[in-house]
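Participant: When you get a sec, could you give me coordinates for this:
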Amino acid sequence: MNPACSRCNKIVYPTEKVNCLDKVWHKACFSCEVCKMTLNMKNYKGFEKRPYCNAHYPKSTFTSVADTPENLRLKQQSKMQSQVLYKEEFEKNKGKGFSVVADTPELQRIKKTQDQISNIKYHEDFEKSRMGGEAPSPSPQPHSTPAFNQQPAAPQNFNYDPTPEPPRQAAAAPPPSAGKRYRAVYDYVAADEDEVSFQDGDMILDVQQIDEGWMYGRVERTGQQGMLPANYVETI
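Facilitator: Purely as a prediction, here's the structure:
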């Protein structure tokens, strides 16, 4: 018994029969499902057991999703969830090792704040160390002309005290010590009322040692007496 055509459901005789796609067709009925162009075994393409020409063969394509308000809301929600998960992972892994962290606006703000705090802390520590430090007493210089005509600095006190210092009273003259004579090796100009000025080569008499940096004596040339820096004179 002859089978029926898959297109027209009429009987197909052997002289006009086409076996394709597990079906039987008339030669004239074996055509494209879209444009009805007659096909043969060389130019057809099957899709779901239906013949198509090359131009109308169904192709799988990606469909674009419209940016509807609902899709935009879901997109924003997914982005927020990703940021929350990122921050949670960052807090968990903080201190466990070095990792590359994206420069988000929030992290940039935190980094800038930390840099400002570090700078303020550095300046506070620097001011404390500068004001709280104490300069060492200069050692006596030999009787020679200093390089570049520089004179040694007189001893100074760098201890900082916010309370205003009352005017320093003139130091009482200690008892003279006979036999102690010094000669000035540099010029010195008194910086306070209880100090004495002298020039290079002046004789300093009745010298009394006060501490490692200061002495008390009388300038033979002027007759003035008072405190003088110990590293500006030498023993005769």
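
Participant: rest of the way, CA atoms for contacts and neighbours
Facilitator: Will do.

Participant: so where's the chain uncertain?
Facilitator: Regions of the chain meeting the criterion pLDDT under 70 cover residues 60-66, 95-103, 130-179.

Participant: Mind jotting down where the helices sit in it?
Facilitator: For the chain, applying DSSP state H gives helices covering 69-93, 105-132.

Participant: by contact count, what packs against the first one?
Facilitator: Translated: helix 69-93. For helix 69-93, there is no helix or strand it packs on, judged by 3 or more C-alpha pairs under 8 Å, 6 or more residues apart in numbering; DSSP states H and E.

Participant: So which of the helices of the chain is nearest residue 18?
Facilitator: helix 69-93 (50.1 Å; C-alpha to C-alpha).

Participant: Next, the buried residues of stretch 191-211.
Facilitator: Within stretch 191-211, the residues that qualify as buried are 194-199, 202-208, counting by 16 or more other C-alpha atoms under 10 Å.

Participant: Relative to residue 204, how far out is residue 221?
Facilitator: 9 Å (C-alpha to C-alpha, to the nearest Å).

Participant: picking up where we left off before, of the buried residues of stretch 191-211, which is the nearest to residue 32?
Facilitator: For the buried residues of stretch 191-211, the residue nearest residue 32 by C-alpha to C-alpha is residue 195; the value is 120.9 Å.

Participant: hang on, the closest one packs against residue 226?
Facilitator: Yes - Residue 195 lies in contact with residue 226 (C-alpha atoms under 8 Å); the separation is 4.7 Å.

Participant: Which residue ranges of this structure form strands?
Facilitator: Under the criterion DSSP state E, the chain carries strands at the ranges 17-20, 23-26, 45-47, 50-52, 182-184, 203-209, 214-219, 225-229, 233-235.

Participant: how about a markdown table for those, with distance to residue 120 added?
Facilitator: Below are the strands of the chain laid out as a markdown table (distance: least, C-alpha to C-alpha, whole Å):
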| stretch | distance to residue 120 |
| --- | --- |
| strand 17-20 | 86 |
| strand 23-26 | 88 |
| strand 45-47 | 75 |
| strand 50-52 | 78 |
| strand 182-184 | 47 |
| strand 203-209 | 44 |
| strand 214-219 | 39 |
| strand 225-229 | 39 |
| strand 233-235 | 45 |
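
Participant: Which one of the ones you listed lies nearest to residue 73?
Facilitator: Across the strands of the chain, residue 73 has its closest neighbour in strand 45-47 (38.5 Å, C-alpha to C-alpha).

Participant: That closest one pairs with which strands, parallel or anti?
Facilitator: Taking DSSP bridges as the criterion, strand 45-47 sits next to strand 50-52 (antiparallel) in its sheet.

Participant: How far off centre is the strand it pairs with?
Facilitator: Relative to the centre of its chain, strand 50-52 is centred 67 Å away, using C-alpha atoms, centre = their mean, to the nearest Å.

Participant: Run through who's touching that strand.
Facilitator: Around strand 50-52, the neighbours that count as contacts under C-alpha atoms under 8 Å, 6 or more residues apart in numbering are 21, 30-34, 44-46.

Participant: repeat that for 7 Å
Facilitator: Here strand 50-52 makes contact (C-alpha atoms under 7 Å, 6 or more residues apart in numbering) with 31-33, 44-46.

Participant: By neighbour count, sort out the buried ones in the residues you listed.
Facilitator: 31-32, 44-45.
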